[in-house]
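*Asks:* Here's my sequence, what's the structure:
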Amino acid sequence: MNFLEAALPHRLGGSFRALIAASSLNQFGDGMLLAAGPLLLASLTRDPFLIALAPVLQRLPILLLGLGVGAYIDRVNRQRLVIIVDLTRAAVLMCMGALVATGTMTIGLVLALISLLGVAEAFADVAGQTLLPSTVPAEHIGVAQPRMMATYVGGNQLFGPPVGAFLFAVGAAWPFVANAVCFAAGAALISRMTVRHVTEETRSSAALRHDVVEGLRWLAGNGPVRTLVLTVTLFNITYGATASVTVVWASQRLGLDEVGFGLLTSAGAVGGVVAILTFGAVTRRVSYATLMRAALVTETLVHMTCALTTTPLVAYVAMFAFGVEAFLWGTTSMTVRQALTPHHLLGRVGSVTMMGVYLGLVVGGMLGGVIARQFGITAVYWCAVAGNFPLLVVIWRQLGHLAQAGEPHRDDSDER
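*Replies:* Numbering: from 1, shown residues only. A predicted model of the protein is given here:
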């Protein structure tokens with residue numbers, strides 16, 4: 001009971017416990033799909049273009065529909081929408097499992113079903129982010145947010161992928177069926193929550209386009225959140241460039257095989273776990289501004305280390321540091337953004353942020369491939385350093401104002 005109280009403090013409420021349980025299931029299911037999806041694609045085709053097309057199709061809907069998705073989410077019952085979308089994802093995944101089990105799956109069907117999952121995820125990811133500030137009092141968001149991020153690190157990165165790969169080896173259909181069960185169970189948990197909904201007064205009867213324009217105008221006029229969204233977008237370009245060539249870098253520069261490459265991912269996940277365990281103690285002593293600056297500096301130094309090293313041990317340490325940085329940045333930036341965003345605009349601002357993330361990853365991925373082909377693998381990492389450094393100089397002071405404006409009240413009772 002003491003452990004449960006420390007992990008999920010009673011003051012965060014029973015609805016938060018249901019939310020974090022649902023998030024844990026969903027992230028674990030997504031983690032299984034991270035491993036099982038590519039394995040399924042590789043079993044159906046050897047065409048690298050078709051294999052690479054799958055993640056593009058999964059990310060494309062948020063880029064194409066993001067503004068409208070955010071405006072729609074701000075009009076409806078967000079809790080009910082998350083339940084419907086999760087049940088839809090469960091149905092699509094169960095269909096995938098059935099097709100695989102019966103031997104009737106084709107590469108065309110996989111890509112079509114992945115596109116459907118991408119549309120559902122565009123709604124689920126943005127609407128899901130609005131549930132935390134709609135459930136937990138504002139003064140406790142800084143306590144609740146790292147716990148939500150922990151479900152991503154544990155389920156999506158650490159435990160989900162190896163379980164997904166194991167289940168695929170046992171029977172190719174099983175990880176998709178298991179993922180469907182996770183989403184269905186998550187929807188059941190979400191249905192038990194008590195959520196503060198958008199009031200009738202804030203639900204505009206005007207056209208959806210009016211709501212989109214309203215959200216964009218608010219974002220353009222709010223300096224701290226605007227700075228945050230631009231920072232997220234630009235730093236994801238440099239990260240996306242390096243991430244797109246990591247597997248080649250690991251092979252060519254470090255001489256790692258498949259197992260060694262997997263350990264690089266594990267090192268990042270372990271770094272995230274360490275950040276989870278120490279986040280409460282760190283935030284009682286260090287301001288959010290310092291954390292955000294340190295995170296972006298660390299990311300730049302990791303790129304520099306990857307450009308310089310040919311030693312696997314050094315690379316593992318760098319990936320560990322990146323895992324710590326990614327958790328600290330993700331937690332603090334999301335906490336600040338949600339604290340600064342009015343409740344009725346959470347969907348629209350969240351959708352623009354998600355669009356920035358995916359736009360940065362897509363653009364960065366394409367740039368990484370071009371740079372690596374023309375100038376070599378290490379050039380990608382040096383370009384990332386060269387891109388991050390001037391950005392840090394420009395936003396250094398703004399990060400202080402941003403974090404000060406959005407940092408929640410300190411909760412000294414957190415995590416002894």
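
*Asks:* tell me which residues of the helix or strand hosting residue 184 are tucked away?
*Replies:* According to DSSP states H and E, residue 184 maps onto helix 174-191. The neighbour-count check on helix 174-191 (16 or more other C-beta atoms under 10 Å) flags 174-180, 182-190 as buried. For every residue, glycine as well, the C-beta is placed using N, CA and C.

*Asks:* repeat for stretch 107-120
*Replies:* Across stretch 107-120, burial judged by 16+ other C-beta under 10 Å covers 107, 110-111, 113-120.

*Asks:* Same question for stretch 291-311.
*Replies:* Neighbour-count burial for stretch 291-311 [16+ other C-beta under 10 Å]: 291-296, 298-307, 309.

*Asks:* Likewise for stretch 139-149?
*Replies:* Those would be 140-149, for stretch 139-149 by 16+ other C-beta under 10 Å.

*Asks:* Can you tell me which residue sits nearest the middle of the chain?
*Replies:* residue 152 (7.5 Å; C-alpha atoms, centre = their mean).

*Asks:* which one is that residue nearest to, not counting chain neighbours?
*Replies:* Sequence neighbours aside, residue 27 is the residue nearest to residue 152 in space, at 5.2 Å (criterion: C-beta to C-beta, 6 or more residues apart in numbering).

*Asks:* Quick check, pLDDT for the one you found.
*Replies:* With respect to pLDDT, residue 27 scores 93.

*Asks:* Any figure for the gap between it and residue 106?
*Replies:* 29 Å (C-beta to C-beta, to the nearest Å).

*Asks:* and of the buried residues of stretch 139-149, the nearest to residue 252?
*Replies:* Taking C-beta to C-beta as the measure, residue 149 is the one of the buried residues of stretch 139-149 closest to residue 252, at 32.5 Å.

*Asks:* I figured that closest one hits residue 329, correct?
*Replies:* No: in terms of C-beta atoms under 8 Å, residue 149 does not count as a neighbour of residue 329; the distance is 10.2 Å.

*Asks:* Let me see the mean pLDDT of stretch 90-97.
*Replies:* pLDDT averaged over stretch 90-97 gives 96.

*Asks:* mind checking which helix or strand the residue nearest to residue 152 is in?
*Replies:* Assigned by DSSP H and E, residue 27 falls within helix 14-44.

*Asks:* what packs against that helix?
*Replies:* Secondary-structure packing of helix 14-44 (3 or more C-beta pairs under 8 Å, 6 or more residues apart in numbering; DSSP states H and E): helix 48-73, helix 78-101, helix 107-131, helix 141-151, helix 160-170, helix 174-191.

*Asks:* could you redo these as CSV and give each row distance to residue 350?
*Replies:* Converted to CSV, the helices and strands packed on helix 14-44 look like this (distance: least, C-beta to C-beta, whole Å):
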stretch, distance to residue 350
helix 48-73, 6
helix 78-101, 10
helix 107-131, 5
helix 141-151, 14
helix 160-170, 23
helix 174-191, 17
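
*Asks:* Flag the shaky bits of the stretch 201-350 of the chain, pLDDT-wise.
*Replies:* Residue ranges of the stretch 201-350 of the chain with pLDDT under 70: 201-206, 258.

*Asks:* coming back round to it: how about the helices and strands packed on helix 14-44, which one is nearest residue 325?
*Replies:* That would be helix 141-151 among those, by C-beta to C-beta, at 12.7 Å.

*Asks:* buried set for the helix or strand where residue 380 lies?
*Replies:* Taking DSSP H and E as the definition, residue 380 sits inside helix 377-406. Across helix 377-406, burial judged by 16+ other C-beta under 10 Å covers 377-385, 387-388, 391-392, 395, 398-400, 402-403, 406.

*Asks:* Ok, stretch 30-40 next?
*Replies:* 30-38, 40.

*Asks:* just stretch 333-342 next, same as before
*Replies:* 333-341.
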